[in-house]
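J.: just coords:
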């Protein structure tokens, strides 16, 4: 059921001198979804996001957030959006509760700061100085500051960059919770795993352009339908019959090891059914399902970290 | 009303007080300078007035208070910019005037605290030498600091990185004290340098504070020059100030 977009961006353009950062970007983000701008560093994700927040003046195009113009209605918009910036810092010696207290003073309506700190697992850090927090704790504090006024739209820019895997997973849980409370989330990330786990829809951005958009599943299905199945097992003379599996593209047998490649969501199931029918005794089984990372590689011709 | 102004001012005050070097620089060093120079240049005896000093030691100490406030402001603003703190604050409903205004208030408050310490120390070490019109002197120092602070915002916009902020601000401000007319009259400078000196707020700050300290009263021209300088620099900084 298509609802009114919470954020709509049309033909956004932004250059810094002769460098084109954002080139004709159009997006529509719906209420209650987590939308990811994904792409390598320098692709224009942050610039796009900061134009949407009203922090940067676009060279061209139109932006509407909650029906407001981010530049013209800056003050009204600030009260309804929550932001977290990439690699942001606070005053080194500010205490966690002081930051919460200050932010709480800035908005007409706020949620209980202590409750929020509790939700984010920071209650024991109330009296700690910002500089003494770990990377994950700092990011959780920034999430708390972004949520203190119960905003309708939350912007998260490279939220988990530089965090260890454990802290990253904890933050993912928190982001899903934000959506659970009915908020719309626009995030940027260069981690494909993060985008795949969190985002309802993603836009792949490269050189300031949106090169593809959709749900992670759709994109994988569209661009990387290949599936790989590798199994080892005793069962004489099956190599010829492998070709009969529906969806198969190639099969390679070396002794008892079989490498099958095929297409379609049902391919793996078909292989399993085949194995059952043939009564093969399996000693090893592994699948290779493409991810968003493969989609990115295919569309751009290079890895995200290049 | 400027939402969050006093809250931010109070938090910035606390944050500043947690930085030992900053507090020592703005509060302790000017007082030490005053006491040590006052005794070395005076007759050297405890309790005597530093009248023989070749220049007005209290005014130098006061000017030092003002200048350290400015250097501290430039450093803090550049650190805040580099760390994205200014950007993060600006993404809230805080207005830019509130953010920068809070820092000015903190600096002025510490300037007054520095002057108070100076007076307390002066009364102990040089009794009888501190009979100037102190409320007027405090007002003169406030106006001087404010005027030099406005230059700090322009300076803070030009500093490329936080690492350069402190040395660059010091390298600019200390020579300004040297030619401010405190150590030798501005007339003794070469003509071009005299023009520079007269265009600088430090020179007028010295003239103003010397007049008040010596009991000659307020120098209207210098006070006006400081106000004009403040207005010009504030206007300029709204144009050149960079948040990130």
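T.: Yes, it's here. Because the structure is a prediction, the values reported are computed rather than measured. Residues are numbered from 1 along each chain as shown, chains lettered A, B, ... in the order given.

J.: Any idea how many residues pack against residue 9?
T.: Reading this off chain A. Per other CB atoms under 10 Å in any protein chain shown, the neighbour tally for residue A:9 reads 23. All C-beta spots, glycine's among them, are computed from the backbone N, C-alpha and C.

J.: other chain: chain B
T.: Neighbourhood size, residue B:9 [other CB under 10 Å]: 19.

J.: likewise residue A:188?
T.: Neighbours of residue A:188 (other CB under 10 Å): 26.

J.: Residue B:170 too?
T.: Residues lying near residue B:170 (other CB under 10 Å) number 16.

J.: Could you check how far it is from chain A?
T.: Separation of residue B:170 from chain A (CB to the nearest CB, to the nearest Å): 21 Å.

J.: Excluding chain neighbours, what is closest to that residue?
T.: residue B:71 (5.7 Å; CB to CB, 6 or more residues apart in numbering or on different chains).

J.: Next: residue B:225.
T.: Ranked by CB to CB, 6+ apart and with sequence neighbours excluded, the top spatial neighbour of residue B:225 is residue B:204, at 4.3 Å.

J.: Distance check, the one you found against residue B:57.
T.: 19 Å (CB to CB, to the nearest Å).

J.: so what secondary structure elements neighbour the helix or strand containing the residue nearest to residue B:225?
T.: Per DSSP states H and E: residue B:204 is located in helix B:201-214. Packing partners of helix B:201-214 (3 or more CB pairs under 8 Å, 6 or more residues apart in numbering or on different chains; DSSP states H and E): helix B:57-82, helix B:134-158, helix B:162-178, helix B:220-240.

J.: can you give me the helices for the stretch 101-250 of chain A?
T.: Listed in chain order, the helices of the stretch 101-250 of chain A (DSSP state H, counting those that start in this stretch) span A:113-119, A:135-147, A:165-180, A:192-198, A:216-223.

J.: Quick one: closest of those to chain B.
T.: Closest to chain B of the helices of the stretch 101-250 of chain A, according to CB to the nearest CB: helix A:135-147, at 8.0 Å.

J.: could you give me the average pLDDT of that closest one?
T.: Averaged over helix A:135-147, pLDDT sits at 93.

J.: need the residues of the stretch 51-200 of chain A near chain B, please.
T.: Applying CB under 8 Å from any CB of the partner chain, we find that the stretch 51-200 of chain A lies next to chain B at A:53, A:55, A:75, A:78-79, A:83, A:85, A:87-94, A:98, A:101-103, A:105-107, A:129.

J.: if we go to 7 Å?
T.: Contacts of the stretch 51-200 of chain A with chain B, taken as CB under 7 Å from any CB of the partner chain, map to A:53, A:55, A:75, A:78-79, A:83, A:85, A:87-91, A:93-94, A:98, A:102-103, A:105-107.

J.: ok now do residue B:236, which residues does it touch?
T.: Residues near residue B:236 by CB atoms under 7 Å, 6 or more residues apart in numbering or on different chains: residue B:154.

J.: same question, residue B:35
T.: B:121, B:125.

J.: before we move on, what about residue A:81?
T.: Neighbouring residues of residue A:81 by CB under 7 Å, 6+ apart: A:53, A:65, A:151, A:153, A:155.

J.: Please name the bridge partners of the second one.
T.: The bridge-partner assignment for residue A:65, based on DSSP bridges, gives residue A:7, residue A:68.

J.: residue boundaries of the strands in chain A?
T.: For chain A, the strands defined by DSSP state E cover A:5-16, A:19-30, A:34-38, A:60-65, A:81-84, A:153-157, A:184-189, A:201-206, A:209-214, A:226-234, A:248-254, A:257-263, A:281-288.

J.: Please compute how far the fifth one lies from its chain's middle.
T.: When distances are taken as CA atoms, centre = their mean, to the nearest Å, strand A:81-84 is centred 16 Å away from the chain's centroid.

J.: Is it correct that residue A:258 is in contact with residue A:240?
T.: No: applying CB atoms under 7 Å as the test, residue A:258 and residue A:240 come out as separate, 12.0 Å apart.

J.: distance of the residue in chain B positioned nearest to chain A from residue A:138?
T.: Scanning chain B for proximity to chain A using CB to the nearest CB identifies residue B:83 as nearest, at 3.5 Å. Look at residue B:83 and residue A:138: by CB to CB, they are 12 Å apart.

J.: ok, and the closest non-adjacent residue to the closest residue to chain B within the stretch 51-200 of chain A?
T.: Nearest to chain B in the stretch 51-200 of chain A, going by CB to the nearest CB, is residue A:89, at a distance of 3.5 Å. Leaving out its chain neighbours, the residue that sits closest to residue A:89 by CB to CB, 6+ apart is residue B:83, at 3.5 Å.

J.: pretty sure the one you found is touching residue A:91, no?
T.: No: Residue B:83 is not in contact with residue A:91 according to CB under 7 Å; the separation is 8.6 Å.

J.: List the contacts of the residue nearest in space to the middle of chain B.
T.: In chain B, the C-alpha nearest the mean C-alpha coordinate belongs to residue B:66, at 1.5 Å (CA atoms, centre = their mean). Neighbouring residues of residue B:66 by CB under 7 Å, 6+ apart: B:111, B:141, B:144, B:145, B:148, B:205.

J.: which among those gets closest to residue A:23?
T.: Of all those, residue A:23 sits closest to residue B:148, with 45.4 Å by CB to CB.

J.: unless I'm mixing things up, residue A:129 is touching residue A:98, no?
T.: No: using CB under 7 Å, residue A:129 makes no contact with residue A:98, being 9.3 Å away.

J.: Compare neighbour counts for these two and give me the winner.
T.: residue A:98 (21 against 17).

J.: Let's see the pLDDT reported for the residue lying closest to that one once chain neighbours are set aside.
T.: Once flanking residues are discounted, residue A:98 sits nearest to residue B:11: 5.2 Å by CB to CB, 6+ apart. pLDDT, residue B:11: 95.

J.: got it, and residue A:37?
T.: The per-residue pLDDT reported for residue A:37 equals 96.

J.: Neighbours of it, how many?
T.: Neighbours around residue A:37, by other CB under 10 Å: 28.

J.: And residue B:72, by the same measure?
T.: Neighbour count for residue B:72, taken as other CB under 10 Å: 25.

J.: Touching, it and residue B:23? I think so.
T.: No: checked against CB under 7 Å, the pair residue B:72 and residue B:23 is beyond contact range at 9.8 Å.

J.: of residue A:258 and residue A:240, who's got more company?
T.: residue A:258 (22 against 9).

J.: about what we covered before: touching, the residue nearest to residue B:225 and residue B:227? I think so.
T.: No: Residue B:204 is beyond contact range of residue B:227, at 9.7 Å (criterion: CB under 7 Å).

J.: So which of these two has more stuff around it?
T.: Taking neighbours as other CB under 10 Å, residue B:204 and residue B:227 compare with residue B:204 leading, 28 against 14.

J.: Identify the bridge partners of residue A:156.
T.: Bridge pairing for residue A:156 - DSSP bridges - gives residue A:84, residue A:187.
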